[in-house]
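Novice: Sequence below, structure please.
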Amino acid sequence: MPDTEATRKHASVVVPLARVRACGAIACHDCGVYRLCASLGLEGGELSLLERVVKRKLIFKRGGLLFRAREPAEHVYAIRSGSVKTCVRTEGGRVQITGLHLPGELLGLAGFDSREHTCEAQALETTSVCQVSMHQLEEVAERLPAIHREMLCIMSNQIRHYEQLLLLLGKHNAERRLAAFLLGLSQRFALHNYSPTRFNLSMSRGDIGNYIGIAEETVCRVFTRFQEEGLLTTRRRYVELHDLDRLRAIAHDPGRRAAATAALTSVA
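Specialist: Presented below is the predicted three-dimensional model:
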């Protein structure tokens, strides 16, 4: 099917802001823009900031594109539910996945400077987002220093995320890479008040392999090995982590794995 604007619209459903309770108090607390709202001291039903910068709520079906690389960047997106992967395409057509984005996180911040998106963002499952106007968010930040500080903090957190990805790719052992990947997800889910040990892994095994730099077959083999050793349980895309300490031992120093396993055996 040719890629046209009409085609892309079928991948999302636009819900007018007037018909949406634009971030109820509980949902807002874990939203990517909540800290911006909190900086103004907004409470419960006071939605003046949201009405100013959050233009509409979008629901993307699995596979729907939020934006493409080199498209004009006019909005950032706060993920309310679901998940999104970002990727870049090389001149040779190769796709490299650069990020997995979860509820409570923001997308599109890299376009603030150039006003052009630097990557492609695709929904991995049915995903709800708030579309936030870059221009109006900047206007609010200029008048309110607290908003400006929070934007810097959010961007700083994203830079830290990419630094962690570089460290992950520097781990040559496939087990270390997968363990570090799972631990990173655990920490991010916990940050937004989700379970750190039970979650749906919306990325396919192939996408995980692409992201952490190992073959899909190796990802499947390591998942099986971790399950056999009692580190985790997987059922389709549901993952339950049973032993975070042993996963940390694997991620940080493979030499500590035998010690951790021996200690567990001696206790048993």
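
Novice: what about the stretch 151-268 of the chain, any weak spots by pLDDT?
Specialist: 168, 171, 254-268 (pLDDT under 70).

Novice: rerun that using 50 as the cut-off
Specialist: 260-268 (pLDDT under 50).

Novice: residue ranges for the strands of it, please.
Specialist: For the stretch 151-268 of the chain, the strands defined by DSSP state E, counting those that start in this stretch occupy 198-200, 232-235, 238-241.

Novice: what number of residues lie near Leu232?
Specialist: When neighbours are counted by other Cβ atoms under 10 Å, Leu232 registers 19. Glycine gets a C-beta too; all of them are placed from N, C-alpha and C.

Novice: If it is in a bridge, with which residues?
Specialist: Leu241 (DSSP bridges).

Novice: How is this protein partitioned into domains?
Specialist: Per the record, the chain has its domains at 5-168, 172-267, by automatic domain parsing.

Novice: and the gap between Gly104 and Gln164?
Specialist: According to Cβ to Cβ, to the nearest Å, Gly104 and Gln164 sit 17 Å apart.

Novice: Neighbour count for those two, which is higher?
Specialist: For Gly104 versus Gln164, the count of surrounding residues by other Cβ under 10 Å is larger for Gly104: 22 against 14.

Novice: Now do the SS call for that one.
Specialist: coil (DSSP: H, G, I helix; E, B strand; the rest coil).

Novice: Verify the contact between it and Ser83 for me.
Specialist: No. The criterion here is Cβ atoms under 8 Å, and Gly104 misses it with Ser83 at 10.9 Å.

Novice: between the strands of the stretch 151-268 of the chain, which one is nearest to Arg225?
Specialist: strand 232-235 (10.3 Å; Cβ to Cβ).

Novice: What are the buried residues along the closest one?
Specialist: Neighbour counts over strand 232-235 (16 or more other Cβ atoms under 10 Å) mark Leu232 as buried.

Novice: Show me what it is packed up against.
Specialist: With contacts taken as 3 or more Cβ pairs under 8 Å, 6 or more residues apart in numbering; DSSP states H and E, strand 232-235 sits against helix 216-228, strand 238-241.

Novice: gap between that strand and the chain center?
Specialist: Distance of strand 232-235 from the chain centroid (Cα atoms, centre = their mean, to the nearest Å) equals 21 Å.

Novice: same check, this time on stretch 57-68
Specialist: 14 Å.
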